[in-house]
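A.B. asks: Predicted model follows, preceded by the sequence.
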Amino acid sequence: MTLRATARARVRATVAFAVAALAVAALAAGCAARGGGTTLRFWAMGREGEVVQQLMPAFEREHPGVHVIVQQIPWTAAHEKLITAYVGRSTPDVSQLGNTWVPEFTALHAIEPLRPWLASSTTLDSTKFFHGIWDTNVIDGAPMGVPWYVDTRLLFYRRDVLRAAGYDSMPQSWAEWKQALRAMKRVVGPGKFAIFLPTNEWNPPIIFGLQAGSPILKDDGTRAAFRDSAFRAGFDFYMSLFRENLAPSVSGNEIANVYQEFARRYFNAYITGPWQLGEFRNRLPDSLQGAWATSPLPGPTGAASGVSLAGGSSLVLFRASRAKPEAWALIEYLARPDVQLEFWRLSGDLPGRLEAWRDTALTHDPNTRAFGVQLERVVPTPKVPEWEEIANRLQDYVERAVRGTATPDVVLAQLSVEVDRLLEKRRWLHGRALAAGSVR
Amino acid sequence: MSALTTERRQQRAAWGFLAPALILIAVFFFVPVIAGLVMSFTDYDVYAIGAPDTIRFMGLRNYQQVLADPEFWHALRNTLYFVVVGGPLSVLASLSAALLVNAKIARWKGLFRTIYFTPVVTTMVAVAIVFRYLLHPRYGLVNEGLTLLHLKPIDWLGDPHWSMPAIVLLAVWKNFGYNMLIFIAGLQGIPEELYEAAELDGAGAGARFVHVTLPALAPTFLFVGVMTMIGQFQIFAEPYVMTQGGPLRSTVSVVMLMYEQGFRWWRMGYASAIAFVLFVIMLIATLIQMRLQGEGRRP
């Protein structure tokens, strides 16, 4: 699931029913419109599925005879629905796909390799997108999806508290950053904290690991690299923030309202994603609107090493589609800079297309601009179908380390054993491919 | 001779009438069960869906893994909580409701029976929405009640210590109506003379309940007990729609773990093994219960 999806899954569950009703209505409308021309089935999730419908009339005007049915799928059910659709041979022509799902649907042979389509395309190629984001769609060297919107995580912080601590801007190396966090903690006093790293999120420890240069998984994604020195360095840094009492050992569930806690300075920095831009604007009191800011993540040796996650959603073409040229045209349309900007205006989702970031509206706001900077420094999580399960397990184990029920050594050792077990099939497949001489 | 052919013809007709049901059971029950059993000895997973030649025979390794998996034992502990706490509570609620509805002085019996039965036929998803409002930590009616009683409000679905009681209560409320109907049927089967005789012997209401009603309901108890236990072992919908297994995995049941492994991580082989382990556990528990209740009720 994308970063955004995990964070919003709970909210979305409640609207799932309304969404399902809408989907039925959309399907009924689609059936009525059928007859003559080509009908494309396009699946999009949650809010994106709602908003993207507004972009369809323009596409249909540009492609007479093509009709698009947008089917809106709730995020909480999207993964299961896509897989069951594949097993039941009723996949759509085009779908939005969380970019961490691309490896899985590639392994399923459900989605079309895009190299031939890209080769003949006049508007799309890899250089038109943020490098790290494009990379999430490349599986074993083959591009399988086109970035639609992007997600990454960076630092939201209280500028007033940082100023009071004696800093004009957020330092960009780990050592200086931690100094700044210590100073912020001194400003807010006991019982309050410098930073919030929810113990039920896998993202912060993975980000610190990636920053320290860990591949997370090694040997072509067949073995855990949690015990290697790079991941260990990132993990030690993560743990030190709790040990030095700069971060509270609490999960997201224990914080009823992050905006309230941020407003009352319970924590003063928070690693989170672009969807919070709108939430911070709407949900923090007016008096605090000038008091918060965003910053690209610091890294172990300074800004260049401050990488973050290459999240977001891609557009994929299903192998079973019987209208591939039209479906590809829809992907090209949705990836166009002007359409991406329009989509950003409608949804707040950040465009993956570089040209869209030259627009003043998008880069005018400094808090959004920080995302543009961060997106130049994003790396994918391991591109294996098992990733989501691995991230889930990691979360459980890391929580144990943070809460002190097990030492980091024990936690990382147990986690490695378990993840290596999850990857057993992958190792076997890998060995088989090596034996067959079809190494890519 | 002619009698024999008639019998044979009748037999053939009987098979003909039974065939549709038998075929349905075979296709939709036995075939999937056998397929599941076979699958539980393989590593059928996400790779296998895309490329069936990657399926491997695993022998008993899936079963070994299930039994070695701390997640499984955790889910089993949660499930036993449902069985041990939710089961008796549910039976008690059903019996109380049945006694109330069946009482001689009760009026509008049909209406009450319908009302109590309504939750059983209500969609779980609709119930979940209402209960999420009721159990809301700040605006919920339940916590409002607690505040009136000068008790501290409880974060029912967010606190790992309270999530299980909340789900158990929901499950009891949702399901007690079904067993209530069975108890009512059982109560109505008790001959009135027994009560009259007991009354003549000087038995009060309490004594009549203990010495007439309960023994006469023994077979009903056995049925209700076994069915409730099986139902509680298979609990899934309630935690799935209310908490998705959270917070901190505190409401993950075995069936939910199986669902996650099967349909979230797509490890169908492993999920099938969980299903059969649960089947064996339920079978043993049912046999024990039948033995215990059978002996306890024997005069």
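C.D. replies: All right, it came through fine.
A.B. asks: contact partners of stretch B:251-259?
C.D. replies: Residues from elsewhere that reach stretch B:251-259 (C-beta atoms under 8 Å, 6 or more residues apart in numbering or on different chains): B:71-72, B:74-76, B:78-79, B:82, B:163-164, B:167, B:233-236, B:239-240, B:242-243, B:245, B:260, B:271, B:274-275, B:278. For the C-beta atoms, the positions are set from N, CA and C on the backbone; glycine is no exception.
A.B. asks: Now, of those, which are buried?
C.D. replies: By neighbour count, with 16 or more other C-beta atoms under 10 Å in any protein chain shown, the contacts of stretch B:251-259 hold B:71-72, B:75-76, B:78-79, B:82, B:163-164, B:167, B:233, B:235-236, B:239-240, B:242-243, B:245, B:260, B:271, B:274-275, B:278 as buried.
A.B. asks: Can you find the helix or strand in chain A with the smallest mean pLDDT?
C.D. replies: Every helix and strand in chain A was compared by mean pLDDT, DSSP states H and E; the lowest is helix A:3-33, with a mean of 46.
A.B. asks: Name the next helix or strand following that one along the chain.
C.D. replies: Counting by DSSP states H and E, the next helix or strand C-terminal to helix A:3-33 is strand A:38-45.
A.B. asks: quick one: the following helix or strand past that next one to chain centroid distance?
C.D. replies: Going down the chain from strand A:38-45, the next helix or strand is helix A:46-51, by DSSP H and E. Centre-to-centre, helix A:46-51 and its host chain are 16 Å apart (C-alpha atoms, centre = their mean, to the nearest Å).
A.B. asks: Check stretch A:368-387 too.
C.D. replies: The answer for stretch A:368-387 is 7 Å, by C-alpha atoms, centre = their mean.
A.B. asks: ditto for stretch B:6-22
C.D. replies: Stretch B:6-22 sits 34 Å away from the centroid of its parent chain (C-alpha atoms, centre = their mean).
A.B. asks: Any buried residues in it, and which?
C.D. replies: Going by neighbour count (16+ other C-beta under 10 Å), nothing in stretch B:6-22 comes out as buried.
A.B. asks: Next, give phi and psi for A:Ser120.
C.D. replies: phi -100, psi 0 (degrees, to the nearest 10).
A.B. asks: my bad, should have said A:Phe226
C.D. replies: Here is the backbone geometry of A:Phe226 (degrees, to the nearest 10): phi -70, psi -20.
A.B. asks: Number of residues surrounding it?
C.D. replies: Counted with other C-beta atoms under 10 Å in any protein chain shown, the neighbours of A:Phe226 add up to 27.
A.B. asks: ok, now A:His67?
C.D. replies: Count around A:His67 with other C-beta under 10 Å applied: 18.
A.B. asks: That one bridge partners, please.
C.D. replies: For A:His67, the beta-bridge partners are A:Thr39 (DSSP bridges).
A.B. asks: ranges for the strands of the stretch 151-300 of chain A?
C.D. replies: Remark: strands assigned in the stretch 151-300 of chain A by DSSP state E, counting those that start in this stretch are A:154-158, A:217-218, A:223-224, A:269-272, A:292-295.
A.B. asks: wait, what's in contact with A:Ala391?
C.D. replies: With C-beta under 8 Å, 6+ apart, A:Ala391 has these contacts: A:202, A:206, A:381.
A.B. asks: I'd like to know how far it sits from chain B.
C.D. replies: Computed with C-beta to the nearest C-beta, to the nearest Å, the distance linking A:Ala391 and chain B is 12 Å.
A.B. asks: Spell out the secondary structure type for that residue.
C.D. replies: In three-state terms, and counting by DSSP: H, G, I helix; E, B strand; the rest coil, A:Ala391 is helix.
A.B. asks: got any ranges where the chain has weak pLDDT?
C.D. replies: Picking chain A for this. Residues of chain A meeting the criterion pLDDT under 70: A:1-36, A:438-440.
A.B. asks: Let me rephrase: I mean chain B.
C.D. replies: Residue ranges of chain B with pLDDT under 70: B:1-4, B:295-299.
A.B. asks: B:Ala97: which of the strands of the stretch 151-300 of chain A is closest?
C.D. replies: Relative to B:Ala97, the nearest member of the strands of the stretch 151-300 of chain A by C-beta to C-beta is strand A:269-272, separated by 48.7 Å.
A.B. asks: For that closest one, which outside residues touch it?
C.D. replies: For strand A:269-272, contacts defined as C-beta under 8 Å, 6+ apart pick out A:7, A:153-158, A:181, A:184, A:194-197, A:203-204, A:207, A:258, A:262, A:276, A:297.
A.B. asks: wait, what's in contact with B:Asn102?
C.D. replies: The neighbours of B:Asn102, taking C-beta under 8 Å, 6+ apart as the test, are B:109, B:184, B:187-188.
A.B. asks: Enumerate the residues of the stretch 301-440 of chain A near chain B.
C.D. replies: Residues of the stretch 301-440 of chain A found near chain B (C-beta under 8 Å from any C-beta of the partner chain) are A:385-386, A:388-389, A:396, A:399, A:421, A:425, A:428-429.
A.B. asks: Pull up the gap between A:Trp101 and chain B, please.
C.D. replies: Note on A:Trp101: its distance to chain B, by C-beta to the nearest C-beta, is 11 Å.
A.B. asks: still on that earlier bit, let me know the closest of the contacts of A:Ala391 to A:Gln96.
C.D. replies: For the contacts of A:Ala391, the closest approach to A:Gln96 (C-beta to C-beta) belongs to A:Thr381, at 18.5 Å.
A.B. asks: Spatially, which residue comes closest to that closest one, not counting chain neighbours?
C.D. replies: A:Trp387 (5.7 Å; C-beta to C-beta, 6 or more residues apart in numbering or on different chains).
A.B. asks: Before I go, just wanted to say thanks for your time.
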